[in-house]
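S.K.: pasting the structure only:
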């Protein structure tokens with residue numbers, strides 16, 4: 001790959017995830033503080049990510065793969081997204097956008113944004129001769145983009161400070177996302193050409209788009225157990241996305257958004273360690289460690305505080321790398337190995353639909369209801385119970401998977417699939 005192409009793709013990934021990190025981490029705090037949203041309303045707004053993930057395959061399968069170059073669609077989607085983000089920032093009185101209305105604005109945005117995650121991957125893969133070796137060095141810039149967004153919010157602009165939050169300055173995160181989206185939208189038209197994968201007029205079945213052909217893999221007991229566990233573990237995952245930033249802000253942690261970037265840093269580090277764990281302990285023990293990490297991190301959140309026990313909160317945040325990489329990345333590798341060449345793409349699509357679609361949809365709904373059940377006023381939350389419950393859910397999933405998954409019947413996963 002030419003250096004100029006590598007720089008283009010790296011910058012594309014950086015801005016792509018900078019945009020998401022600009023507003024998504026602080027969304028819960030913004031909704032609760034500025035829009036006075038209930039837990040259920042907050043869960044509904046966060047569920048726009050799940051609906052976007054469910055609808056995204058249709059945009060990619062019916063439009064991107066058949067009629068237009070990927071880089072052009074990427075540009076158009078981000079330009080429209082920039083407009084939506086700017087509207088959410090610029091509306092005169094932000095409290096006039098009630099949570100119910102805010103849901104529809106963000107739903108429209110996420111339907112546009114979620115397909116771009118697949119598009120940036122497609123554009124990158126199209127320029128690579130050996131994706132297994134080259135992709136990780138490009139994708140890591142996306143994680144760096146997310147980290148930089150969080151650091152800017154906390155340490156440069158101070159938008160998540162108590163004074164700024166009360167003054168309504170957190171809506172500036174949407175402006176930052178809007179500017180970045182505008183930049184990526186224009187920059188996309190300069191990216192390497194990525195023509196449609198499917199010739200116009202070719203018949204495309206819904207089952208192909210959603211990866212439903214991979215349902216045949218569910219006949220395998222182990223894969224069925226993994227599939228169900230993937231959906232269930234997304235329930236506690238949703239609690240983190242929805243409640244972590246409001247929790248840290250509410251209990252008085254300074255620079256909460258900046259501190260949460262520790263999770264992304266650990267994600268990079270543990271991703272590099274993942275091949276070692278696979279070789280040393282195998283798939284089952286690796287994925288069980290990821291599940292157990294979810295239970296442990298929420299227990300740390302439940303009993304930690306912003307004072308002398310703040311180290312427990314930092315440890316909980318730092319466990320994000322184990323939580324995410326050891327379950328979700330391990331699961332993608334396992335799915336890739338189980339599916340084989342014939343169902344590889346379909347299986348990945350099915351798992352994405354199950355986790356970010358169905359699983360997270362259930363998770364955000366559950367997180368909203370639990371949060372409301374343990375909220376006594378706009379600013380008084382029983383955070384201990386709000387975190388103990390998802391910790392318990394993760395522990396139950398851990399135990400069920402440990403009992404039900406029989407690794408002895410599994411074929412060994414090829415080491416080649418672990419190269420990053």
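M.R.: Sure, I can see it. None of these values were measured; they are calculated from a predicted model.
S.K.: Sketch out the helices for the stretch 101-250 of the chain, chain order is fine.
M.R.: 131-151, 162-166, 172-188, 206-210, 221-250 (DSSP state H, counting those that start in this stretch).
S.K.: got the angle for the first one vs helix 221-250?
M.R.: Meaning helix 131-151. 20 degrees (axes from the mean of the first three to the mean of the last three Cα atoms, to 10 degrees).
S.K.: after the helix or strand where residue 290 lies comes which helix or strand?
M.R.: If you go by DSSP states H and E, residue 290 is part of helix 256-303. With elements assigned by DSSP H and E, the helix or strand that comes after helix 256-303 is helix 310-318.
S.K.: thinking again about what came up before, ranking the helices of the stretch 101-250 of the chain by mean pLDDT, which is last?
M.R.: Within those, confidence is poorest for helix 206-210, with a mean of 61 (mean pLDDT).
S.K.: tell me which strands and helices the helix holding residue 290 is in contact with?
M.R.: With contacts taken as 3 or more Cβ pairs under 8 Å, 6 or more residues apart in numbering; DSSP states H and E, helix 256-303 sits against helix 131-151, helix 221-250, helix 310-318, helix 320-324, helix 330-352, helix 383-404. For glycine as for every other residue, the C-beta is placed from the backbone atoms N, C-alpha and C.
S.K.: could you dump the ones you listed to CSV with mean neighbour count and distance to residue 107?
M.R.: Shown next, in CSV, are the helices and strands packed on helix 256-303 (neighbours: other Cβ atoms under 10 Å; distance: least, Cβ to Cβ, whole Å):
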stretch, mean neighbour count, distance to residue 107
helix 131-151, 19, 22
helix 221-250, 22, 16
helix 310-318, 18, 29
helix 320-324, 25, 25
helix 330-352, 19, 19
helix 383-404, 19, 24
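S.K.: As JSON lines, those helices with distance to residue 119 would be great.
M.R.: Listed next are these as JSON lines, based on distance: least, Cβ to Cβ, whole Å:
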{"stretch": "helix 131-151", "distance to residue 119": "13"}
{"stretch": "helix 221-250", "distance to residue 119": "22"}
{"stretch": "helix 310-318", "distance to residue 119": "30"}
{"stretch": "helix 320-324", "distance to residue 119": "22"}
{"stretch": "helix 330-352", "distance to residue 119": "14"}
{"stretch": "helix 383-404", "distance to residue 119": "32"}
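S.K.: Any idea which of these gets closest to residue 196?
M.R.: helix 330-352 (15.7 Å; Cβ to Cβ).
S.K.: Which pLDDT value goes with the residue lying closest to residue 391 once chain neighbours are set aside?
M.R.: Computed as Cβ to Cβ, 6 or more residues apart in numbering, the closest residue to residue 391 that is not its neighbour in sequence is residue 298, at 3.6 Å. On pLDDT, residue 298 comes in at 97.
S.K.: who's in contact with residue 298?
M.R.: Neighbouring residues of residue 298 by Cβ atoms under 8 Å, 6 or more residues apart in numbering: 236, 239, 316, 387-388, 390-391, 394.
S.K.: Check residue 309 too.
M.R.: For residue 309, the contacting residues are residue 303, by Cβ under 8 Å, 6+ apart.
S.K.: let's see it at 10 Å
M.R.: 300, 303 (Cβ atoms under 10 Å, 6 or more residues apart in numbering).
S.K.: Ok, residue 108 next?
M.R.: Residue 108 sits in contact with 48, 52, 80-81, 84, 87, where contact means Cβ under 10 Å, 6+ apart.
S.K.: Dig out what the residue nearest to residue 250 when sequence neighbours are not counted forms beta bridges with.
M.R.: The shortest distance from residue 250 to any non-neighbouring residue, by Cβ to Cβ, 6+ apart, is to residue 381 (6.3 Å). Under the criterion DSSP bridges, residue 381 forms beta bridges with residue 375.
S.K.: what separates residue 381 from residue 300, distance-wise?
M.R.: Distance, residue 381 to residue 300, using Cβ to Cβ, to the nearest Å: 17 Å.
S.K.: What of residue 73?
M.R.: Taken as Cβ to Cβ, the span from residue 73 to residue 300 is 42 Å.
S.K.: burial of residue 126, as a residue count?
M.R.: Using other Cβ atoms under 10 Å, residue 126 is surrounded by 17 other residues.
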